[in-house]
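Visitor: generate coordinates for the sequence data below:
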Amino acid sequence: MPGSGVRVQGRCPVSRVTAPSTPAASGLLRDPGFRRLFAATALGQLGDRVLFLALPLVAIVALRADEFQVGLLTAMTTAGSLLVGLPAGAWVDRMRKRPVVIGTDLARALALSTIPVAWWAGVLTVWWLYAVALVHGVLTVFFDVAYVSWLPRLVGRERLVEGNSRLSAIRSVTSIGGPALAGPLIGAVGAPATLVVSAAGMAVSGLLATGIRTREPRPVPREHPRLGREIREGVRFVLDHPALRATVLGDAVFNLSLVMYQTMLMVHLAREVGLASFGVGLVLSGMGCGALLGALSAGRVAARVGQGRVIWLAPLVTCPLTALMPMARPGWSVYVAALGLAALSLGGVVRVVAQSSLQQALTPDHLLGRMSATARFVSWGGIPLGGLLGGATGSAVGPAATLWIGATGMTLSALPACLWSLRGGKGALGRQ
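Guide: Next up is the predicted model:
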């Protein structure tokens, strides 16, 4: 997600990103480079949404995995943030971002395609799933760090809110269409074969990105580059900045709790509520509807409520509604509970658009990769633990109780940003 080349030291004036784009500045889709990125994001996210539904169902339905094995699979999917999260930022800051985005998309597609091949050959095991999930997760770390660092260069810092809002909107559309496509497809051909669609989406996404010709200068190499020193610079920048520190700590609590919740959500829907793959896909599509509404309204909400305030107010208002799901039973109540998940997605996208734009605008160009990697390492580092905790807690007290715990943790994630704002902090969060 790239920019005007403005070098920002320390605390950058937040006024540059608080206002939503005006009608005169709303023509990013007329830019050929952004239009290709938009299309590539759509296809890549479609593949990702199909993967989100199909991969755990390969374990749950095709391989009869138990709750802990499903949790371990989730942990393997996200362990890359812990394994390479910090070095990835330093490495990406040394490189042009476009080749990293393209290469990791194509490599992820290749890794995913091995699952249906192994299934058809009769050699697929849960350990194979773990290995693919780990490789895919490591590649995703590099993809995300490069993607976030690329956008300011591509659209300019003054249009980050618009760019992030439009990309969030297309992600939300695919969050609706992906599960709606995957559910019936899984029912027709099985979860392993459905992963062909996921791999194809990521492959075409990478190919589309090859057509983006926006000039990207090669980063100026250091005379004596040292990985450890570069990593420390990124970590120090994030943790020393009050606004960045508050947002990434809140993200850490939210993501750990969300993954605990998600790990048992599929088990709860499939085994306790009794939904087939089509019903599960319908529930997840409802989450996509909420995310789309959030993306379409994010700029207006941030302008009305205040960008700093909305970062903590959105989860505080919407996360408690996820407690409806553990109370759901077969029948109409599960679709009422699905409204709570839609609200979670709405609030999540509003928060992420405001927060991502803020983080990118506060960070100098030469630190964008390391800022993104550090934020991801801190905020995503607990995700593998969340998968393990979700699986272990589900085995010990059941899926429904685990959903209650996850809902509580997601609600409490608003506290770091909220407390900083209430203290009248002198960073971006305190400026409304």
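
Visitor: Val235 against Thr374, yeah?
Guide: Yes - applying CB atoms under 8 Å, one finds Val235 in contact with Thr374, separated by 5.1 Å. C-betas here are computed from N, CA, C, even on glycine.

Visitor: any common contacting residues for these two?
Guide: Common contacts of Val235 and Thr374 (CB atoms under 8 Å, 6 or more residues apart in numbering): Leu86.

Visitor: higher neighbour count, those two?
Guide: Higher neighbour count among Val235 and Thr374: Thr374, with 27 against 18, using other CB atoms under 10 Å.

Visitor: got a list of contacts for the one helix or strand the more buried one maps to?
Guide: With secondary structure defined by DSSP states H and E, Thr374 is part of helix 368-380. Contact with helix 368-380 is made by 78, 81-82, 85-93, 97, 141, 144-146, 148-149, 152, 230-231, 233-235, 237-239, 244, 247-249, 251-252, 254-255, 359-360, 363, as judged by CB under 8 Å, 6+ apart.

Visitor: swap in 7 Å and give it another go.
Guide: Helix 368-380 is contacted from outside by 78, 81, 85-86, 88-90, 92-93, 141, 144-145, 148-149, 152, 230, 233-235, 237-238, 248, 251-252, 255, 359-360, 363, using CB atoms under 7 Å, 6 or more residues apart in numbering.

Visitor: ok, stretch 392-399 next?
Guide: With contact meaning CB under 7 Å, 6+ apart, stretch 392-399 is reached by Glu67, Phe68, Gly71, Met260, Thr263, Met264, Val267, His268, Glu272, Thr402, Ile405.

Visitor: which of these fall in helices?
Guide: Of the contacts of stretch 392-399, the ones assigned to helices by DSSP state H are Glu67, Phe68, Gly71, Met260, Thr263, Met264, Val267, Thr402, Ile405.

Visitor: list the contacts for the third one?
Guide: Pointing back at Gly71 there. Thr263, Gly387, Leu388, Gly390, Gly391, Ala392, Gly394.

Visitor: distance to Pro416 added to these, as TSV?
Guide: Putting these into TSV (distance: CB to CB, whole Å) gives the following:
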residue	distance to Pro416
Thr263	24
Gly387	22
Leu388	23
Gly390	22
Gly391	27
Ala392	26
Gly394	27
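
Visitor: drop anything exposed from the residues you listed.
Guide: If you count burial by 16 or more other CB atoms under 10 Å, the buried members of these come out as Thr263, Gly387, Leu388, Gly390, Gly391, Ala392, Gly394.

Visitor: lowest-confidence member of the residues you listed, which is it?
Guide: Lowest pLDDT within the buried ones among the contacts of Gly71 is found at Gly387 (79).

Visitor: contacts only, for that one.
Guide: Neighbour list for Gly387: Gly71, Leu72, Thr74, Ala75, Thr78, Val259, Thr263 [criterion: CB under 7 Å, 6+ apart].

Visitor: next one: the residue nearest to the second one when sequence neighbours are not counted from Arg159, what distance?
Guide: Of all residues beyond its chain neighbours, the one nearest Leu72 is Gly391 (6.1 Å), with distances taken as CB to CB, 6 or more residues apart in numbering. Between Gly391 and Arg159 the distance is 42 Å, computed by CB to CB, to the nearest Å.

Visitor: then Gly290?
Guide: Remark: distance between Gly290 and Arg159 (CB to CB) = 25 Å.

Visitor: check Leu339 too.
Guide: Applying CB to CB to Leu339 and Arg159 gives a distance of 33 Å.

Visitor: and those two? which has more neighbours close in?
Guide: Under the criterion of other CB under 10 Å, the comparison of Leu339 against Arg159 puts Arg159 first, with 25 against 14.

Visitor: hmm, the more buried one is touching Leu28, no?
Guide: Yes - Arg159 is within contact range of Leu28, at 6.3 Å (criterion: CB atoms under 7 Å).

Visitor: the residue nearest to Leu72 sits in which helix or strand?
Guide: Counting by DSSP H and E, Gly391 is found in helix 383-397.

Visitor: what's the answer for Ser175, then?
Guide: Going by DSSP H and E, Ser175 is in helix 160-189.

Visitor: just Val123 next, same as before
Guide: Take DSSP H and E as the rule and Val123 turns out to sit in neither a helix nor a strand.

Visitor: neighbours around it, how many?
Guide: Using other CB under 10 Å, Val123 has 9 other residues around it.
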